[in-house]
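Visitor: Quick one, structure for this:
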Amino acid sequence: MECFVIFVMAWCWFKATESKPHNVMGKFNTEMKYTILLISFLFMSCNSQPKNNLFISEFGYSIILPEKWAEYEDEKNVNAFFDTENWTGNLRITVIELDRNIDDHYIEKEYKSLKNAEKIITQNGYIGFKYIEKSQDGLMYYWQLFYKNKLFVCSFLLNPENNTKLKETEIEKVGKIINSLKAFNKTSP
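Guide: Below you'll find the predicted structure:
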């Protein structure tokens, strides 16, 4: 809809600023070429828009959420999210500010203290690890990401009733959300 409005506005501006031609047929062909080019460009740019939403946290980070995901009220100092159309689990992100910048030795020590952890590096270069724990409510997936003096603890409680294919799809979707995490100073994103 937005693209159509932009097109109509551009068309009106084009029509309002053109002078009346003496040779209508020659001007018509040139005008049609520009019109088709404009319409093509607008539709291509409208169709290429991602169906994601940028979420900016008051705790100093941003993430890209899928289209149907939203935040819900949870504990203090926690952002919590879920799929509003088809609930499959809850994603929670907690930011812990540490006294000092995190070094490789600290990360390695944390990594070794966990069983079945896998090291990861996000698209923004944050080092961390992920692991799974079983709980009475289902499977709890954890990601811990380190950036300067911040520790991001991300957890996703997966609905135990989901089938295996849906579980894999949801973990991949949550992994993309976490991979998009980007820290910033709280004063400006």
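Visitor: Now the phi/psi pair for W87, please.
Guide: phi -60, psi 120 (degrees, to the nearest 10).
Visitor: in stretch 148-162, what counts as buried?
Guide: Buried residues in stretch 148-162, counting neighbours by 16 or more other CB atoms under 10 Å, are found at K150, L151, F152, C154, S155, F156, L157, L158, N159, N162. Quick note: C-beta positions are derived from backbone N, CA and C, even for glycine.
Visitor: can you check stretch 94-104 too?
Guide: T94, V95, I102.
Visitor: Just the element for the closest residue to Q144 other than its chain neighbours, please.
Guide: Nearest non-adjacent residue to Q144, counting by CB to CB, 6 or more residues apart in numbering: G128, 4.9 Å away. G128 belongs to strand 127-135 when assigned by DSSP states H and E.
Visitor: which secondary structure elements does that strand contact?
Guide: helix 104-112, strand 118-121, strand 138-147 (3 or more CB pairs under 8 Å, 6 or more residues apart in numbering; DSSP states H and E).
Visitor: Turn these into JSON lines, columns for mean pLDDT and distance to T88.
Guide: Formatted as JSON lines, those follow (pLDDT from 0 to 100; distance: least, CB to CB, whole Å):
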{"stretch": "helix 104-112", "mean pLDDT": "82", "distance to T88": "28"}
{"stretch": "strand 118-121", "mean pLDDT": "92", "distance to T88": "21"}
{"stretch": "strand 138-147", "mean pLDDT": "90", "distance to T88": "11"}
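Visitor: Let me have those in a markdown table, extended by distance to L181.
Guide: A markdown table is the format used below for those (distance: least, CB to CB, whole Å):
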| stretch | distance to L181 |
| --- | --- |
| helix 104-112 | 16 |
| strand 118-121 | 11 |
| strand 138-147 | 6 |
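Visitor: what about the ones you listed, which gets the closest to K173?
Guide: Across the helices and strands packed on strand 127-135, K173 has its closest neighbour in strand 138-147 (11.6 Å, CB to CB).
Visitor: Restricted to strands, list the buried residues of stretch 148-162.
Guide: Residues of the buried residues of stretch 148-162 located in strands (DSSP state E): K150, L151, F152, C154, S155, F156, L157, L158.
Visitor: ok, so of the residues you listed, who is nearest V174?
Guide: Using CB to CB, these come closest to V174 at F156, 4.8 Å.
Visitor: Report the central residue of the chain.
Guide: Compute the mean C-alpha point of the chain, and by CA atoms, centre = their mean the closest residue is I64, 1.3 Å away.
Visitor: That one reaches K51, doesn't it?
Guide: No: taking contacts as CB atoms under 8 Å, I64 lies outside contact range of K51: 10.5 Å.
Visitor: so the helix or strand hosting S62 versus strand 138-147, what angle?
Guide: In this assignment (DSSP H and E), S62 forms part of strand 61-66. With axes from the mean of the first three to the mean of the last three CA atoms, to 10 degrees defining the directions, strand 61-66 sits at 140 degrees from strand 138-147.
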